[in-house]
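Student: A structural model of the following input is requested.
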Amino acid sequence: MDAADFSAVLSEVRRFVRERVVPVEAEIDEKDEMPAEIREAAKKMGLFGFALPEEYGGLGLSMYEEAQLMFELGYTTPSLRSMFGTNNGIAGHVLMVGGTEEQKAEWLPRIASGDVLASFALTEAEAGSDPSTLTTRAHLDGEDWVINGAKRYITNAPLADVFMVFARTDPDAPRTRGISTFLVPAGTPGLTVAPKDHKMGQFGAWTADVYFDDVRVPASALVGGEAGLNRGFGTAMGCIAHGRVHISSLCVGMAERLVDESVEYARTRRQSGKLIGSFQLVQGLIADSMTDYYAGRATVLEAARAFDAGTDTKIGPSCTKYFASEMVWRVADRAVQVHGGAGYMRGVAVERFYRDARLFRIYEGTSQIQQVIIAKALLGEAARG
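Tutor: Residues are numbered from 1 along each chain as shown. Prediction:
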């Protein structure tokens, strides 16, 4: 995107986030629901398709541009980003990475506009950070595929119009090579979405289990057509690598907000007749958080540059996701500490962000999985003993 146009997009998003979303954060958290007017405004701004190609109605942002946009979106409740994150990220990228031209033409424009909400159905009860062990299966019956299994913690499942479903299509193949991806519209007979989960945080972003009981889809639902058969695991990993940089950027945006909240509180809160900002131990907490935020921002931008260049699409995304998710958790913890007892009270922003931030160390691969990925990439055969 032209630099001037991109600057205008960032300014518009920043204004939208700080003037329209921040004032209703507490309401979103309390009601566990995103206001319809916020959803419609996001659609009009093109936020459902910022990472999708322009030819399909998206904004076509690079990873580096996307990271900067996420810094702005991360400044408020992460449920805002979650509303359109899967369309741009792991769900939309399934089609970008592995779809046929026909599938892209049919689905991507509607996904980019927000007229279709897509979900990424990969995780299972016993297949989370390592999805290669998934047990959902699909078999051919005549000209149709029949899917059976269950998925867990699927973002936007209660609202989704289409699911990108990963299922094992060759049970005898090595576990990373016998998986395929299917486009399954909501309402397909046999597809059931459970009631939404009641989570620790990130209220307003809904997740739920999804069940497949003899769900029948045509051959055209196989992502990538015949060429995509048994190649779903590679598609998933490509989408998740992009998602790790995406989530890392969100963590940085939240860290900036937490630093701002801490600074403002320390500037105005008095204890023992003094502003708590005058206490050196409080100053130390704020300095550590600012340093963490600064390092996280630099790490994400470097990872985004390398991702765009194609020089690092594995170690960099894992390193930045590991660092940024752990970083924002430290910053959130310090923010609560700066606020003291007030930081433990519902209705105070840092309390809410403390709950919200905990999930970042888990999804898109836990911190421990990132450690394994990084170490194995560096050590090669030595990592296998």
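Student: residue most distant from the centroid, the protein?
Tutor: Gly273 (44.0 Å; Cα atoms, centre = their mean).
Student: and that one, its phi and psi?
Tutor: The phi/psi pair for Gly273 (degrees, to the nearest 10) reads phi 80, psi 0.
Student: any figure for the gap between it and Phe279?
Tutor: Using Cβ to Cβ, to the nearest Å, Gly273 is found at 12 Å from Phe279. Glycine gets a C-beta too; all of them are placed from N, C-alpha and C.
Student: show the subsequent helix or strand relative to the longest helix along the chain.
Tutor: Counting by DSSP state H, the longest helix found in the chain is helix 232-268. Sequence-wise, the next helix or strand downstream of helix 232-268 (DSSP states H and E) is strand 270-271.
Student: residues contacting that following strand, please?
Tutor: Outside strand 270-271, the residues that touch it by Cβ atoms under 8 Å, 6 or more residues apart in numbering are 276, 279.
Student: strand partners of it, parallel vs antiparallel please.
Tutor: Neighbouring strands of strand 270-271 in its sheet, by DSSP bridges, are strand 274-275 (antiparallel).
Student: chain center to the partner strand, what's the gap?
Tutor: With Cα atoms, centre = their mean, to the nearest Å as the basis, strand 274-275 stands 40 Å off its chain's centre.
Student: per-residue confidence averaged over the first helix or strand past it going along the chain?
Tutor: Using DSSP H and E, the helix or strand that follows strand 274-275 towards the C-terminus is helix 280-309. Helix 280-309 shows a mean pLDDT of 98.
Student: quick one: buried residues of helix 280-309?
Tutor: In terms of neighbour count (16 or more other Cβ atoms under 10 Å), helix 280-309 has its buried residues at 282, 285-286, 289-290, 292-293, 296-297, 299-308.
Student: centre of the chain to that helix, how far?
Tutor: How far helix 280-309 lies from its chain's middle: 19 Å, per Cα atoms, centre = their mean.
Student: kindly report the same for stretch 88-99.
Tutor: Here stretch 88-99 is found 13 Å from its chain centre; the criterion is Cα atoms, centre = their mean.
Student: so what touches that stretch?
Tutor: For stretch 88-99, contacts defined as Cβ under 8 Å, 6+ apart pick out 48-53, 58, 66, 86, 103-104, 107-108, 111-112, 118-120, 122, 164, 181, 223-224, 228, 231-232, 235-236, 238-240, 242-243, 246.
Student: export it to CSV, keeping only CA atoms.
Tutor: The C-alpha atoms that make up stretch 88-99 are tabulated as CSV, following Å, rounded to 0.1, in the frame of the first residue of the first chain:
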residue,chain,number,x,y,z
ASN,A,88,-7.7,-12.2,7.9
GLY,A,89,-5.6,-14.8,9.6
ILE,A,90,-5.8,-18.6,10.0
ALA,A,91,-9.2,-19.1,8.3
GLY,A,92,-8.8,-16.7,5.4
HIS,A,93,-5.2,-17.8,4.8
VAL,A,94,-6.4,-21.4,4.4
LEU,A,95,-7.8,-20.3,1.1
MET,A,96,-5.0,-17.9,0.2
VAL,A,97,-2.4,-20.7,0.8
GLY,A,98,-4.2,-23.8,-0.3
GLY,A,99,-7.4,-22.9,-2.2
